[in-house]
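Undergrad: requesting a structural model of the entry that follows:
(4 chains)
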There are 2 protein chains.
Amino acid sequence: MKRPTLEAVAARAGVSKSSVSRVVNGQATVTPEIRELVMRAVKELGYVPNPAARSLVTQRTDAIAVIVSDPPAGLVSDDPMFSMVVRAASRELEAAGKQVVLMLAGSPESHRRVERFVSAGHVDGVMLVSMHGADPLPAVLARLDLPMVSHGRLGVPVDVPYADNDNLGGAAQAVRHLLEQGRRRIATIAGPLDMTASQDRLTAYRETLRDTGRRSIVAIGDFTRISGVEAMRQLLQDDPALDAVFAANDLMAIGALRTLREAGRRVPDDVAVVGYDDIEASLYSDPPLTTVRSPMGDQAAATARLLLGLLEGGPAEPVILPAELVVRESA
Amino acid sequence: MKRPTLEAVAARAGVSKSSVSRVVNGQATVTPEIRELVMRAVKELGYVPNPAARSLVTQRTDAIAVIVSDPPAGLVSDDPMFSMVVRAASRELEAAGKQVVLMLAGSPESHRRVERFVSAGHVDGVMLVSMHGADPLPAVLARLDLPMVSHGRLGVPVDVPYADNDNLGGAAQAVRHLLEQGRRRIATIAGPLDMTASQDRLTAYRETLRDTGRRSIVAIGDFTRISGVEAMRQLLQDDPALDAVFAANDLMAIGALRTLREAGRRVPDDVAVVGYDDIEASLYSDPPLTTVRSPMGDQAAATARLLLGLLEGGPAEPVILPAELVVRESA
DNA sequence: CTGAAAGCGCTTACAG
DNA sequence: CTGAAAGCGCTTACAG
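TA: Coordinates of the predicted model:
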């Protein structure tokens, strides 16, 4: 049984295809009687417009590509970021009647696929998620001249509107909290340095310490738990006497906690730990994590709304959400 | 600048549109010279086929809807399941040249959206993820007569092929491990009972205990950490002397660990804890979790491959992946 | 092997 | 307000 077409509905209702189209698309200029006739025929036939046909003439797709940078295989993780951001963005986009096409951009091969896909006109707009600064994709896509936004500021000189949280302010709060506790040797575990969030959090750490005469003690991770484990080992080796650590995200803080436990250091007595993000897991670590709340869901929703605004010809002002320290037991 | 069309390429190459179409679609019946001419024109013009036009005539979309049941707002969680499953499925599908349209199915409203979307012919196939037994969506979609698979067996009498893990066998291993340790009072925290995975894990728990003369001690959770916290409290109240608990997933086990810590019980000395799933977080709990490994990524990939097979007219045999106990420190 | 033509199912000026 | 007609950009029998 083939699906009914506009033409079938028109025949059934005894009106022209034009009228059916107008009714289906909710145009005002239709007599109530005709509208009634059409509505009934639509219902009886179970008519649903063919999106390909519609899109062919309107040149719109009502689809949005959500492009998430994916680490090369092997580095699979259950990244809570992915879940929260993709979910929140999907909700926002779906509520606006857009469909979400999810694309993982990891390998060079997938980059080509994404580029082809977007340039084929499959989507009306693009939302970038957790792009690394070194990634050439944003620049390539920018040339396609489609509405595009980024979840988090980009590290490349491409003018893409974004929603972000106040990384500088949030990290500064974390470090000040440690200072107020009288901690003397405050280390940090930075995130991947090709991401702006990592850069900003590290910058704030350094600047907040500078005025106090303390020196920076830095190890670099990549936002995964295991990198937190290793970075913490490195820090302990670099300065066995450290008494505090600010991790650039909660996952690494959780890794650091494991290392500290294995090293026999008590948290927060011997070493205070502060994370960043306030993911749900931070409530379940032992001890529960003091962290900086920067609701990724809200940020993702804001990014999605920015794109929706752009699609309607709205402004492209970046949005910065506030970040707030949440004190629990680890510091 | 409008995007070039097939026609423009034909004009440039000095051949017919038919020939261009054949070359672009890789049909064999084309002279090398013509192919060469067309290839060059395609390159020079930067031609990319219009998917809407193509889809209109072929009646295919090369798109797959991945439908994930989403809890009503408020119940947002950073569910590692979502991340692992969606990622793994996307990789598999994208590698096969399919695009992934992600749809969240929570509210009745979103159900209607999903139904409309699928019946409009937007996609060639459907992959269901973590459907609850009470959910009417699978039955509704089944009527649309599209290739459809489910990540995990469905709880409704709808014949949808699936990939699952050996829930019965995995849970039995977990409980036997506890028995072998000589545990006397073994409780369980079950998952939501309208999901087949929960049902099977609970059934295996009961049956494994039955032969030993021990009685069942059951609390019900919903696969979230907080539900594990609460279920564990309930359990402790029901039987203060319990000495082991099998949680139907790791998230709830992690919640249970928190309750036990707060209650001053040592794990595993006083109470042994076993989880299920072997998510990455189970390596970071204190103590690290003994659990059942059932790689969700593999299961998702298997589900995706099942759908790809179906699209090619392949068989629809369910796939059951083995589950294996991973002994760490919590039991 | 190649090309002219029909047709996929819509929307949208344009007349009336 | 309504309808006939053109056209969106492809693919695919059908002749030659």
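
Undergrad: quick check: the gap between A:Ala244 and DNA strand D.
TA: Distance check for A:Ala244 against DNA strand D: by C-beta to the nearest atom of the strand, to the nearest Å, it reads 60 Å. Every residue, glycine included, has its C-beta placed from N, CA and C.

Undergrad: what's the mean pLDDT across stretch A:52-65?
TA: Mean pLDDT, stretch A:52-65: 94.

Undergrad: oh, that last question was meant for stretch A:273-281, not what I typed.
TA: So the average pLDDT for stretch A:273-281 ends up being 96.

Undergrad: can you tell if that stretch touches chain B?
TA: Yes: judged by C-beta under 8 Å from any C-beta of the partner chain, stretch A:273-281 and chain B are in contact via A:279-281.

Undergrad: those strands in chain A, which residues are they?
TA: Here chain A has its strands, by DSSP state E, at A:63-69, A:99-105, A:125-129, A:148-151, A:162-165, A:186-190, A:217-220, A:244-247, A:272-274, A:291-293, A:319-321, A:324-326.

Undergrad: list the buried residues in the second one.
TA: It refers to strand A:99-105. For strand A:99-105, the neighbour count (16 or more other C-beta atoms under 10 Å in any protein chain shown) marks A:99-105 as buried.

Undergrad: how about JSON lines for those residues, with distance to B:Glu324 and pLDDT added?
TA: Putting the buried residues of strand A:99-105 into JSON lines (distance: C-beta to C-beta, whole Å; pLDDT from 0 to 100) gives the following:
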{"residue": "A:Gln99", "distance to B:Glu324": "38", "pLDDT": "95"}
{"residue": "A:Val100", "distance to B:Glu324": "35", "pLDDT": "96"}
{"residue": "A:Val101", "distance to B:Glu324": "35", "pLDDT": "96"}
{"residue": "A:Leu102", "distance to B:Glu324": "30", "pLDDT": "96"}
{"residue": "A:Met103", "distance to B:Glu324": "33", "pLDDT": "95"}
{"residue": "A:Leu104", "distance to B:Glu324": "28", "pLDDT": "92"}
{"residue": "A:Ala105", "distance to B:Glu324": "33", "pLDDT": "90"}
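
Undergrad: wait, which of these is closest to DNA strand C?
TA: Within the buried residues of strand A:99-105, distances to DNA strand C taken as C-beta to the nearest atom of the strand reach their minimum at A:Gln99, with 16.0 Å.

Undergrad: any idea how far that closest one lies from B:Val57?
TA: As for A:Gln99, its distance to B:Val57 is 21 Å (criterion: C-beta to C-beta, to the nearest Å).

Undergrad: before we move on, what about A:Phe246?
TA: Distance from A:Phe246 to B:Val57, by C-beta to C-beta: 58 Å.

Undergrad: between the two, tell me which one has more neighbours.
TA: Neighbour count, other C-beta atoms under 10 Å in any protein chain shown: between A:Phe246 and B:Val57, A:Phe246 has more, with 31 against 9.

Undergrad: residues contacting the more buried one?
TA: If you count contacts by C-beta atoms under 8 Å, 6 or more residues apart in numbering or on different chains, A:Phe246 has them with A:171, A:174-175, A:178, A:186-189, A:205, A:274, A:276.

Undergrad: out of these, which one sits closest to A:Ala53?
TA: Using C-beta to C-beta, A:Tyr276 comes nearest to A:Ala53 of these, at 48.4 Å.

Undergrad: isn't the closest one up against A:Asp250?
TA: Yes: A:Tyr276 is within contact range of A:Asp250, at 6.4 Å (criterion: C-beta atoms under 8 Å).

Undergrad: please say which of these two ends up with more neighbours.
TA: A:Tyr276 (30 against 25).

Undergrad: DNA strand D contacts on chain A?
TA: A:15-19, A:22, A:28-31, A:33-34, A:53, A:56-57 (C-beta under 7 Å from any atom of the strand).

Undergrad: buried among those residues? Make that a PyMOL selection.
TA: Restricted to buried positions by 16+ other C-beta under 10 Å, the PyMOL selection for these reads:
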select buried, chain A and resi 15+19+22+30+34+53+56
